[in-house]
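Okay, here's the prediction I keep looking at, along with the sequence it came from:
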Amino acid sequence: MNSFTREDIKNSVEYEWRKSSLKSMLAIWAILTVVMFFALVLTSVGDMQYIALRFEAWLIVTAIYSAIFLPFVMFYGYKMWYLLKHFAEFNSHEVMLDNVSTSYAYRGAVYYTVTINDRGTTRKVCTNPYFSSSMFAKFTLEDYNNQKVVGLYDSQMDKFYILKKLS
């Protein structure tokens, strides 16, 4: 199918994008947790009779937003695990990134539609929205637009995972 290793996958655009998103979400969760702790618990230091009640309120608030927030973190973790577990089953393709579209679900990041020939069938397949013009983006549109990349086609998910840009 392909000759990539687990290390190649861990250094790929797809995996790095997922890992970066997962770390960002965990950082936001951790910051919210700490801020809420200071706001609810440490503000009662002068009045110690209510500290247990405020700590309990902090735990409840943390549990509520964790129940909403952490499934997204788990989704990114699952996608990373899925790629590492199944990459050897996917066919490798070299494609040109020249058909760009905007993803409104990912705050205006862009994805590409690539054309591959998979087992004699020509398919148009989308990548994930890795690229952005933002100064905070790990993968910039300017670095990848109209460039040739190598990636893996996942026929189960009908997705093309970009591994790296070719020189």
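Thanks, I have the structure now. Residues are numbered from 1 along each chain as shown.

buried ones in the longest helix anywhere in the chain?
The longest helix of the chain (DSSP state H) is helix 51-86. For helix 51-86, the neighbour count (16 or more other C-beta atoms under 10 Å) marks 51, 54, 58, 61, 62, 73, 76, 77, 79, 80, 83 as buried. Using the backbone N, CA and C atoms, a C-beta is placed for each residue, glycine as well.

Check stretch 94-107 too.
Using 16+ other C-beta under 10 Å as the test for burial, stretch 94-107 gives 95, 97, 103.

Can you list the helices and strands that the following helix or strand past the longest helix of the chain packs against?
Per DSSP states H and E, the first helix or strand lying C-terminal to helix 51-86 is strand 91-96. For strand 91-96, the packing partners by 3 or more C-beta pairs under 8 Å, 6 or more residues apart in numbering; DSSP states H and E come out as strand 110-118, strand 148-154.

What strands line up against strand 91-96, and which way round?
Strand 91-96 has these partner strands in its sheet, going by DSSP bridges: strand 148-154 (antiparallel).

The strand it pairs with vs helix 51-86, what angle?
Counting by axes from the mean of the first three to the mean of the last three C-alpha atoms, to 10 degrees, strand 148-154 lies at 100 degrees to helix 51-86.

tell me the average confidence for strand 148-154?
What strand 148-154 shows for mean pLDDT is 96.

now that strand against strand 110-118, angle please.
Note on geometry: by the same axes, to 10 degrees, strand 148-154 and strand 110-118 are set 70 degrees apart in direction.

ok, then the element right after strand 148-154?
strand 159-165.

Go ahead and report the secondary structure state at residue 129.
Judged by DSSP: H, G, I helix; E, B strand; the rest coil, the three-state class of residue 129 is coil.

go on, residue 122?
Residue 122 carries the three-state label strand when classified by three-state DSSP.

ok, now how distant is it from residue 54?
62 Å (C-beta to C-beta, to the nearest Å).
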